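Participant: Fold the following for me, if possible:
(one chain, ligands or ions: 1)
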Amino acid sequence: MASVAASRSAQAVAAGPAARGGRSSSLGMLASSKRTIAPVSAFKAQRTSSRGLAAARTGGVAVRASAVEDIKKVLTETSSPVTGKQYDYILVGGGTAACVLANRLTEGGTKRVLVLEAGPDNTSRDVRIPAAITRLFRSPLDWNLFSSLQPQLAERQIYLARGRLLGGSSSTNATLYHRGAAADYDSWGVPGWGAADLLPWFVKAETNADFEAGKFHGKQGPMRVENPRYTNDKLHSAFFASAQQLGLPRNSDFNNWDQDHGGYGTFQVMQDKGTRADMYRQYLKPAMGRPNLQVLTGAAVTRVHIDKAGGKPTALGVEFSLDGPAGTRLTAELAPGGEVVMCAGAVHTPHILQLSGVGNGSQLWEHGLAVAADLPAVGANLQDQPACLTAAPLKDKYDGIAISDDIYNAKGQIRKRAILSYLLRGSGPLTSTGCDRGAFVRTAGQALPDLQVRFVPGMALDSDGVSTYVRFAKFQSQGLKWPSGITVQLIACRPHSTGSVGLKSADPFDAPKLSPGYLTDAAGADLATLRSGVHWARELARQGPLAEYLSGELFPGSAVENDAAIDEYIRGSIHSSNAIVGTCKMGAGPADSVVDTQLRVHGVEGLRVVDASVVPRIPGGQVAAPVVAIAERAAALLRGEATIAGAAAAATVAA
Ligand SMILES: Cc1cc2nc3c(=O)[nH]c(=O)nc-3n(C[C@H](O)[C@H](O)[C@H](O)COP(=O)(O)OP(=O)(O)OC[C@H]3O[C@@H](n4cnc5c(N)ncnc54)[C@H](O)[C@@H]3O)c2cc1C
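Facilitator: Residues are numbered from 1 along each chain as shown. Model (predicted):
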């Protein structure tokens with residue numbers, strides 16, 4: 001607690017009113033965030049102090065060298081935008097869950113909330129335009145995380161995308177709106193967190209443009225959901241007709257839990273008339289002017305201060321830097337009874353907890369970290385949905401009908417008509433992240449579909465999907481056009497394998513040690529799902545409606561024939577579909593979970609987790625909607641408006 005004490009004494013030296021602020025900083029390998037919101041009062045504090053110094057100089061006072069260091073320290077600390085403040089809630093991370101909490105917790109104006117986000121503000125046009133997702137992978141708005149070498153995946157390191165800006169991964173994701181099936185939540189076996197308990201929160205959060213309000217959909221929530229506003233008439237129709245010929249039923253609403261989760265159809269998207277409706281735009285931005293909300297960007301949290309002196313370990317505040325590894329470590333302090341809420345996502349929340357002494361005790365000791373709470377489940381149980389793909393070019397006579405052709409001309413320039421359609425009507429190919437039609441399939445008669453199919457009316461240029469955009473850039477530089485084709489992405493949507501998040505070192509600016517653990521389940525069920533997926537996609541491509549358009553196969557390619565070759569292809573090209581959860585799972589006790597049913601960290605006062613980390617088992621769709629529902633419910637719990645007793649309390653609030 002030395003730095004809390006140091007900070008407190010610095011705060012006594014200087015007044016420090018602070019406004020919203022943002023600083024250039026970096027965490028880990030990234031160093032390019034720009035200052036986003038000038039911390040006005042911080043400048044004021046600096047100017048006042050500088051005038052004082054000038055007066056001292058003109059007065060001819062000789063200043064000791066050590067005093068200069070002292071003064072620099074005081075200047076830095078007095079320019080801190082949190083000096084002299086205490087908060088009821090400090091939210092670590094400004095992502096999906098944090099945006100929901102920041103809005104709900106500051107409604108009504110009594111609670112003081114601080115949001116600390118490592119990345120920059122959310123102002124990029126590439127975030128707003130759904131099709132520009134291609135520019136967000138491996139960009140400065142992404143954490144650029146890679147796993148350790150995965151022996152079972154042809155010794156590859158897997159790229160794991162995570163949003164790094166206000167809005168978090170909701171600002172860089174594919175915008176698909178999925179909840180999975182009711183049975184996913186019931187399978188958690190956590191009292192108070194079954195499907196019936198969570199459903200009202202999904203509905204409360206949502207404004208659905210295309211479904212009527214009712215049991216499964218809402219019309220009054222901040223989250224905007226709608227049908228995709230781009231249709232590729234020929235290729236989408238051919239996909240649907242081929243899926244039907246394979247015997248799949250049409251699913252009119254994948255989020256209607258009265259219907260089976262299987263079938264083919266349209267995936268709804270988190271968009272508002274064709275623009276990304278991320279949680280920054282929908283929840284945080286409207287709350288930004290509230291006097292009880294302070295948001296700092298470029299603020300990398302390095303640990304939670306946990307006091308162990310008074311018996312039960314208790315969170316007192318957090319340490320953060322506004323200037324990356326070299327920056328002074330500042331302290332944001334909790335008011336009495338306040339709470340730190342971890343919202344840094346399923347990779348960084350466990351990492352920061354570990355750095356704070358909350359985790360597997362023996363592993364923390366190995367890194368020289370004092371143990372505040374020995375919780376072996378921190379960082380364990382990582383679940384993600386692994387994916388592979390098939391891709392096929394179109395026949396020459398159909399060249400020019402893919403989504404890539406609707407966006408780019410032959411020189412690789414964005415077509416004017418695509419831009420005008422987006423700007424004037426909120427429609428056209430720029431509103432699409434490409435993968436908003438698809439299916440859920442049982443590959444071997446499972447109780448719930450094990451395979452999600454995402455059909456893309458454009459061709460992957462690399463078998464790992466994401467490297468497609470790197471290849472396209474090379475095509476562009478050589479004046480070549482993106483070849484017309486289709487892609488079928490195959491996702492093990494209810495996977496059995498688990499991985500982990502751990503420490504590489506005790507340096508908070510070192511990236512976490514990551515292992516997604518794909519294809520490590522003992523029974524080989526995940527590999528079986530993906531292998532069956534490849535067979536399914538090939539069968540789909542052989543159906544008349546799609547076969548009419550296709551000419552051969554690019555991936556896996558005709559040389560990949562038997563199951564052994566398909567398995568090798570999968571291991572060599574498997575990639576993330578970006579649904580990481582589970583690394584601080586909720587459960588009954590500290591032996592195998594991290595938080596209790598109220599989302600409180602076992603054994604630590606004043607510390608909760610509200611983000612994708614708490615999900616015990618991945619639902620069979622994408623994860624943003626469940627995270628928002630959990631955050632809505634957590635906010636009501638913190639406001640004393642709901643209990644985790646069950647559906648009755650939740651429904652009262654939702655009404
Ligand atoms: C490329 C991609 C595509 C996806 N596609 C879909 C989809 O189509 N549909 C869907 O439902 N889901 C999708 N997801 C998943 C979904 O978006 C996430 O599961 C969800 O947004 C996670 O929310 P969260 O609050 O747990 O974390 P995040 O939204 O990731 O927020 C965590 C925040 O914490 C910040 N942070 C981390 N460390 C620190 C630190 N030390 N100090 C301060 N701040 C820190 C991060 O910068 C980030 O802003 C996708 C995700 C990605 C990355």
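Participant: List the contacts of the residue in the stretch 51-200 of the chain positioned nearest to the ligand.
Facilitator: Nearest residue of the stretch 51-200 of the chain to the ligand: residue 95, at 1.7 Å (CB to the nearest ligand atom). To be clear about C-beta, it is placed using only N, CA and C from the backbone, and glycine gets the same treatment. Residues counted as contacts of residue 95 (CB atoms under 8 Å, 6 or more residues apart in numbering) are 117, 163, 166, 167, 168, 169, 170, 279, 343, 344, 345, 611.
Participant: mind checking pLDDT for it?
Facilitator: We have a pLDDT of 98 for residue 95.
Participant: same question, residue 49
Facilitator: 32.
Participant: picking up where we left off before, now the buried members of the contacts of residue 95.
Facilitator: By neighbour count, with 16 or more other CB atoms under 10 Å, these hold 117, 163, 166, 167, 168, 169, 170, 279, 343, 344, 345, 611 as buried.
Participant: Out of those residues, which are close to the ligand?
Facilitator: 117, 163, 168, 169, 170, 343, 344, 345, 611 (CB under 6 Å from any ligand atom).
Participant: and the two most separated of those?
Facilitator: Largest separation among those by CB to CB: 170 and 344, giving 13.9 Å.
Participant: ok, back up a step: could I get the buried ones among the contacts of residue 95 as a markdown table with secondary structure?
Facilitator: A markdown table is the format used below for the buried ones among the contacts of residue 95 (DSSP: H, G, I helix; E, B strand; the rest coil):
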| residue | secondary structure |
| --- | --- |
| 117 | coil |
| 163 | strand |
| 166 | coil |
| 167 | coil |
| 168 | helix |
| 169 | helix |
| 170 | helix |
| 279 | helix |
| 343 | coil |
| 344 | coil |
| 345 | helix |
| 611 | coil |
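Participant: I'd like these as a markdown table, with pLDDT appended.
Facilitator: Below are those laid out as a markdown table (pLDDT from 0 to 100):
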| residue | pLDDT |
| --- | --- |
| 117 | 98 |
| 163 | 98 |
| 166 | 98 |
| 167 | 98 |
| 168 | 98 |
| 169 | 98 |
| 170 | 98 |
| 279 | 98 |
| 343 | 99 |
| 344 | 99 |
| 345 | 98 |
| 611 | 99 |
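Participant: Show me which residues of the stretch 151-300 of the chain are close to the ligand?
Facilitator: Contact residues (CB under 6 Å from any ligand atom) of the stretch 151-300 of the chain with the ligand: 161-164, 168-170, 172-176, 178, 300.
Participant: Just give the closest residue to the residue in the stretch 451-600 of the chain that the ligand sits nearest to, not the sequence neighbours.
Facilitator: Closest contact between the stretch 451-600 of the chain and the ligand, by CB to the nearest ligand atom, is at residue 578 (3.4 Å). Excluding the flanking residues, the one nearest residue 578 by CB to CB, 6 or more residues apart in numbering is residue 161, at 5.3 Å.
Participant: average model confidence for the longest strand along the chain?
Facilitator: In the chain, assigned by DSSP state E, the strand with the most residues is strand 329-342. The average pLDDT within strand 329-342 is 98.
Participant: and the direction of the next helix or strand after that strand versus that of strand 329-342, what angle?
Facilitator: Next along the chain after strand 329-342, taking DSSP states H and E as the criterion, comes helix 345-355. Angle of helix 345-355 versus strand 329-342, following axes from the mean of the first three to the mean of the last three CA atoms, to 10 degrees, is 120 degrees.
Participant: beta partners for residue 226?
Facilitator: Per DSSP bridges, the residues bridged to residue 226 are residue 269.
Participant: Residue 321 now?
Facilitator: Beta-bridge partners, per DSSP bridges, of residue 321: residue 300, residue 329.
Participant: Good, we can wrap up now.
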